[in-house]
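Peer 1: sequence plus the predicted model coming up.
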Amino acid sequence: MTGVEGSQPEDFVTPDVTKASAGASAGAAARPGAPDIRARRGRLTVYLGAAPGVGKTYAMLDEAHRRAARGTDVVVGLVETHGRAATAAQLDGLEVLPRLVLTHRDSEFTELDVDAVLRRAPQVAMIDELAHTNVPGTRHPKRWQDVHDLLDAGIDVVTTVNVQHLESLNDDVEAITGIRQRETVPDQVVRDADQIQLVDLPPQALRRRLAHGNVYRAEQVDASLASYFRLGNLTALRELALLWLADRVDDALTDYRRDHRIETPWPARERIVVAVTGGPEGDTLLRRGARIAQRAAGSELLAVHVLATDGLPSAPPGRIAAQRELVEQLGGTFHTVVGEDVPSAVVDFATGVNATMIVVGVSRRSRWREALSEGNGTEIARLAGAIDVHLVTHEKARSGRPRLSGRSPLSPSRRLAGWLLALVGPVLLTWVLSLLRDSISLPTELMLFLTLTVLVAIVGGLWPAVVSAVAGFLLLNWFFTEPTGLLTIERPENALALVVFVLVAAGVASVVDLAARRTGEAFRARAEASALASVSRAVLSGDDSAEALVGRLRETFTLRAVSLLERSGASWTVLASSGPEPALRPEDGQAVLTVDETRVLALCGRVLPASDRRVLEAFASQVGAVLSQNRLREQAEQARVLEQADATRTALLAAVSHDLRTPLATIRASVDALTGLSLGPADRAALEEALADSTDRLERLIDNLLDLSRLQTGSVRPVLRDTSLDEVVPLAVEGYPANVVRLDLPETLPLVRTDPGLLERVVANLVSNAVRYGPPVVVSAQDSPEGLVVRVADNGPGLDDDLKVHMFEPFQRLGDGSGTGLGLGLAVADGLATAVGAEVRAEDTPGGGLTMVVLVPRASS
């Protein structure tokens with residue numbers, strides 16, 4: 001058994017977790033008298049418990065009573081009461097379906113009767129013990145597979161399961177209790193539930209219930225209390241259940257924040273992000289972060305390393321690899337992002353993963369460098385907002401390691417040109433101005449040096465311009481300000497002019513540098529907007545396949561390969577991929593992006609900047625929406641096919657009930673009369689003729705049914721060869737009097753490429769149909785540029801154009817009031833014609849009636 005339930009326990013609580021994307025609650029009852037809609041998949045509600053006896057079955061049946069009281073159609077598919085009166089009393093007033101009785105190894109067992117539930121088709125079915133293993137002879141080996149059949153049929157299911165039966169926790173449960181659970185259910189089955197309700201009970205209360213005989217029989221109580229139901233076991237199992245459910249809650253929260261584009265972290269659980277540079281202090285930071293994470297159960301540890309924008313490592317690869325291994329040993333995960341600015345990249349990553357704390361080391365720069373510009377830790381604390389920042393001191397703190405300045409948005413070639421211009425330009429300008437000393441005044445010289453500084457800022461950015469401004473200040477002071485040849489200034493207004501020159505030059509250089517950075521940011525924003533717009537256009541234009549979006553993601557971010565992976569148990573399946581050597585598992589990718597609970601995007605080729613995470617999240621959200629849309633489309637198509645098949649079965653049964661019974665009744669009556677009565681020659685001949693007609697009719701009916709079945713299963717295998725219509729058409733009209741069917745075949749017709757036997761059936765069905773509606777029928781043939789055309793023309797009432805659209809569908813009796821025939825003749829003719837490469841269409845007969853046209857391919861010369 002997968003669990004043992006009893007009456008409602010004390011301290012009974014049932015907090016629930018509902019999918020963020022789900023609609024109304026699974027407990028919402030249908031309105032009385034509302035139509036039973038089965039187009040949707042049923043909703044699954046799971047009552048999860050930490051151990052047998054916490055009250056899952058009681059809670060499930062209590063919900064059944066609540067739903068039934070609101071008018072919902074509820075049945076009990078299967079409930080295990082285990083002989084307890086309180087649980088059995090909960091069944092009073094509920095409809096309980098009979099079980100399926102099976103014999104296995106000379107013993108009788110009862111299981112859930114899935115077929116009975118499907119025939120009953122309730123709105124909600126109560127099914128106990130989701131992880132139960134079925135007796136051989138049932139539909140599926142496991143009960144959760146039976147539940148999936150009911151969900152696929154649009155039936156809501158409420159079920160129960162204990163945490164020890166979850167597949168991922170099997171080893172942990174065995175380590176705690178010493179008992180290996182043989183009946184398990186895949187975690188994903190429970191995770192995919194629309195609603196999970198935890199039935200929680202303190203271990204002491206559960207042990208009291210056990211001691212009172214509310215869980216097991218009296219002779220089992222002492223052994224149970226001393227083994228499985230020890231206080232430590234129950235406490236550990238309870239913690240497992242709470243932590244597992246917390247992960248499920250966290251998944252729902254992540255989906256909600258992504259769907260609603262909420263970028264501000266929500267501290268629902270502790271996530272510790274440790275920023276590592278690859279330096280020697282990294283081990284200290286990681287161990288401190290791990291200790292912080294261990295203070296709260298269920299916390300996560302994530303390490304992030306920021307690469308420069310060129311993707312080159314700023315620390316020895318071996319040290320980075322060692323820190324990655326240390327993180328994994330501490331139970332965390334290691335992530336690498338690319339960023340122009342380290343503090344911004346760290347904060348962007350922490351915000352993206354909904355972190356609650358960032359652990360960063362004290363700067364290794366010396367105090368005088370910190371006085372000039374703040375360190376990474378201080379900048380991260382300023383940018384973190386609602387995220388806590390924990391600064392950790394270490395042996396290398398303030399050891400004087402120089403800090404690499406922020407990288408310029410300008411290209412290396414422009415920076416080199418800027419430095420050359422900053423060093424050479426002031427010297428050349430001084431030489432030129434010295435030649436014109438007598439004709440140019442100091443203000444003009446200041447303006448020319450300022451112009452040079454602005455030019456240097458435009459070409460090389462801030463620091464070359466600052467150097468140019470300082471050089472200009474010194475050169476102006478030495479060569480052009482009285483007294484010349486000295487770094488002293490005689491007149492105060494000249495001193496003021498030089499100071500203003502330096503300030504203006506530095507200000508202009510800063511503005512130019514800032515403008516360059518803003519231009520880069522604007523370019524990135526435009527690229528992001530263009531990428532998102534292309535995704536939107538793809539969806540609107542219908543090019544919304546997963547392969548198309550994966551390919552667009554690869555092109556947009558210039559990746560080597562991108563793969564969309566789906567988890568199936570412990571393995572991964574590639575749903576779509578683009579590029580050579582795509583990742584087959586998430587760990588094979590350099591970056592992994594979560595699409596939903598079972599699917600991820602694995603990116604290969606390069607490490608992406610942290611600022612790209614927003615666009616990547618949009619892509620992931622779009623991929624998830626496309627998958628959901630495709631799944632709904634497939635379900636709608638499956639529903640349409642099932643509806644069509646159901647209509648076909650209904651029409652077949654309705655027609656067969658009459659069209660098979662009539663000739664069989666005639667045959668039976670004729671045989672009885674011929675063998676049991678003394679008849680005259682005329683009566684005997686009439687009966688023999690009726691017997692022959694009924695036999696022919698039955699034979700045609702069976703042939704059409706067999707042909708239709710062969711066509712629908714794709715088992716028709718035509719044998720094409722060159723042949724003459726003279727070998728085919730006369731056989732198709734054989735047996736009809738000349739005044740009923742007239743044949744008109746020219747002797748000069750070319751050969752056709754077809755299967756003679758199948759083409760004969762096509763023409764025979766068309767002739768048979770025409771004879772019923774409007775004899776005399778004319779069968780003719782002629783050559784045309786498209787091929788040979790065979791026409792079967794009748795003089796009946798004809799058909800309107802809107803009815804011609806449906807005439808080749810099975811079981812159509814358009815305008816047939818005779819009540820004979822299944823309406824299969826034209827459907828079979830059209831299917832056989834398609835099989836041999838021919839085409840059947842309908843035209844109006846001049847003067848009234850209907851002409852069926854068969855276009856047959858001409859044989860190659």
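Peer 2: Nice, thanks for sending it over.
Peer 1: the stretch 601-750 of the chain: strands as residue ranges?
Peer 2: Listed in chain order, the strands of the stretch 601-750 of the chain (DSSP state E, counting those that start in this stretch) span 721-723, 741-744.
Peer 1: report the distance from the last one to the chain centre.
Peer 2: Here the centre of strand 741-744 is set off from its chain's centre by 61 Å, with Cα atoms, centre = their mean, to the nearest Å.
Peer 1: beyond that strand, next helix or strand please.
Peer 2: As assigned by DSSP states H and E, the chain's next helix or strand after strand 741-744 is strand 752-754.
Peer 1: same for that next one, what does it pack against?
Peer 2: strand 721-723, strand 850-856 (3 or more Cβ pairs under 8 Å, 6 or more residues apart in numbering; DSSP states H and E). From N, CA and C alone the C-beta is placed, and that goes for glycine too.
Peer 1: can you pull the contacts of the closest residue to residue 78 other than its chain neighbours?
Peer 2: Take residue 78 and drop its neighbours on the chain: the residue closest to it by Cβ to Cβ, 6 or more residues apart in numbering is residue 112, 4.4 Å away. Residue 112 is in contact with 77-78, 99-100, 127, 134, 138, 143, 146, counting by Cβ atoms under 8 Å, 6 or more residues apart in numbering.
Peer 1: again, only this time at 6 Å
Peer 2: 77-78, 146 (Cβ atoms under 6 Å, 6 or more residues apart in numbering).
Peer 1: tell me how many other residues crowd residue 92.
Peer 2: Applying other Cβ atoms under 10 Å, we find 9 residues neighbouring residue 92.
Peer 1: check the one 5 residues further on too.
Peer 2: When neighbours are counted by other Cβ under 10 Å, residue 97 registers 18.
Peer 1: of the strands of the stretch 601-750 of the chain, flag the one that's most buried.
Peer 2: strand 741-744 (a mean of 16; mean count of other Cβ atoms under 10 Å).
Peer 1: alpha carbons of that one, as PDB, please.
Peer 2: C-alpha atoms of strand 741-744 as PDB (Å, rounded to 0.1, in the frame of the first residue of the first chain):
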ATOM      1  CA  VAL A 741     -25.600   2.200 -68.600                       C
ATOM      2  CA  ARG A 742     -24.300   3.200 -72.100                       C
ATOM      3  CA  LEU A 743     -20.600   3.000 -72.800                       C
ATOM      4  CA  ASP A 744     -18.800   5.400 -75.200                       C
END
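Peer 1: direction included, what does it pair up with?
Peer 2: strand 777-784 (parallel) (DSSP bridges).
Peer 1: contacts for whichever helix or strand comes after the partner strand, please.
Peer 2: Following strand 777-784 in sequence order, the next helix or strand is strand 787-793 (DSSP H and E). Applying Cβ under 6 Å, 6+ apart, the set of residues contacting strand 787-793 from outside is 752, 766-767, 770, 778-782, 845, 851-858.
Peer 1: mind listing what residue 184 touches?
Peer 2: 131, 165, 167, 170.
Peer 1: could you find the closest non-adjacent residue to it?
Peer 2: residue 167 (4.6 Å).
Peer 1: the one you found touches residue 186, doesn't it?
Peer 2: Yes - contact criterion Cβ atoms under 6 Å: residue 167 and residue 186 qualify, at 5.2 Å.
Peer 1: any common contacting residues for those two?
Peer 2: Applying Cβ under 6 Å, 6+ apart, one finds that no residue jointly contacts residue 167 and residue 186.
Peer 1: sorry, back to before: show me how to select, in ChimeraX, the buried members of the contacts of strand 787-793.
Peer 2: Selection of buried members from the contacts of strand 787-793 for ChimeraX, criterion 16 or more other Cβ atoms under 10 Å:
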select :752,766,767,770,778,779,780,781,845,851,852,854,855,856,857,858
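Peer 1: report the separation between residue 229 and residue 210.
Peer 2: Distance, residue 229 to residue 210, by Cβ to Cβ, to the nearest Å: 6 Å.
Peer 1: let me redo that: residue 41
Peer 2: Look at residue 41 and residue 210: by Cβ to Cβ, they are 39 Å apart.
Peer 1: ok, and for stretch 730-741, which residues are buried?
Peer 2: Of the residues in stretch 730-741, those buried (16+ other Cβ under 10 Å) are 732-733, 736, 741.
Peer 1: and the residue nearest the centre of this structure?
Peer 2: For the chain, residue 627 is the residue whose C-alpha lies nearest the centre (Cα atoms, centre = their mean; 4.0 Å).
Peer 1: next, the contact list for the closest residue to that one other than its chain neighbours, please.
Peer 2: When the adjacent residues along the chain are set aside, residue 627 lies closest to residue 546, with 6.3 Å between them (Cβ to Cβ, 6+ apart). Residue 546 makes contacts with 564, 575-576, 626, as judged by Cβ under 6 Å, 6+ apart.
Peer 1: could you do residue 141 as well?
Peer 2: Per Cβ under 6 Å, 6+ apart, neighbours of residue 141: residue 134.
Peer 1: what pLDDT does the model give it?
Peer 2: Per-residue confidence at residue 141 stands at 89 (pLDDT).
Peer 1: list the buried residues of stretch 43-62.
Peer 2: 43-61.
Peer 1: from those residues, which ones fall inside helices?
Peer 2: 56-61 (DSSP state H).
Peer 1: you'd agree residue 572 is up against residue 583?
Peer 2: No - if you go by Cβ under 6 Å, residue 572 and residue 583 don't touch, sitting 9.0 Å apart.
Peer 1: kindly provide the distance from the residue nearest to the centre of the chain to residue 587.
Peer 2: Taken as Cβ to Cβ, the span from residue 627 to residue 587 is 22 Å.
Peer 1: now swap in residue 172 and tell me
Peer 2: 22 Å.
Peer 1: those two: which is more packed in?
Peer 2: residue 172 (15 against 9).
Peer 1: shouldn't that one be within a strand?
Peer 2: No - using DSSP: H, G, I helix; E, B strand; the rest coil, the assignment for residue 172 is helix, not a strand.
Peer 1: do a quick rundown of the strands in the stretch 351-500 of the chain.
Peer 2: With strands called from DSSP E, counting those that start in this stretch, the stretch 351-500 of the chain shows them at 357-361, 388-392.
Peer 1: which parts of the last one are buried?
Peer 2: Right, strand 388-392. Neighbour-count burial for strand 388-392 flags 389-392 (criterion: 16+ other Cβ under 10 Å).
Peer 1: and that strand, what other elements does it pack with?
Peer 2: Under the contact criterion of 3 or more Cβ pairs under 6 Å, 6 or more residues apart in numbering; DSSP states H and E, strand 388-392 touches strand 357-361, helix 376-383.
Peer 1: what about the helices in the stretch 301-450 of the chain?
Peer 2: Here the stretch 301-450 of the chain has its helices, by DSSP state H, counting those that start in this stretch, at 317-329, 342-352, 367-372, 376-383, 412-435, 442-460.
Peer 1: other residues contacting the fourth one?
Peer 2: Helix 376-383 is contacted by residues 342-343, 346-347, 360, 363, 389, 391 when judged by Cβ under 6 Å, 6+ apart.
Peer 1: please render these as TSV that adds distance to residue 304 to the earlier fields.
Peer 2: Output for those, formatted as TSV (distance: Cβ to Cβ, whole Å):
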residue	distance to residue 304
342	10
343	12
346	6
347	10
360	10
363	17
389	14
391	16
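Peer 1: looking at the residues you listed, which is nearest residue 414?
Peer 2: Closest approach to residue 414 among those (Cβ to Cβ): residue 342, at 23.1 Å.
Peer 1: so what's the closest one up against?
Peer 2: 306, 376.
Peer 1: against residue 202, how distant is it?
Peer 2: 48 Å.
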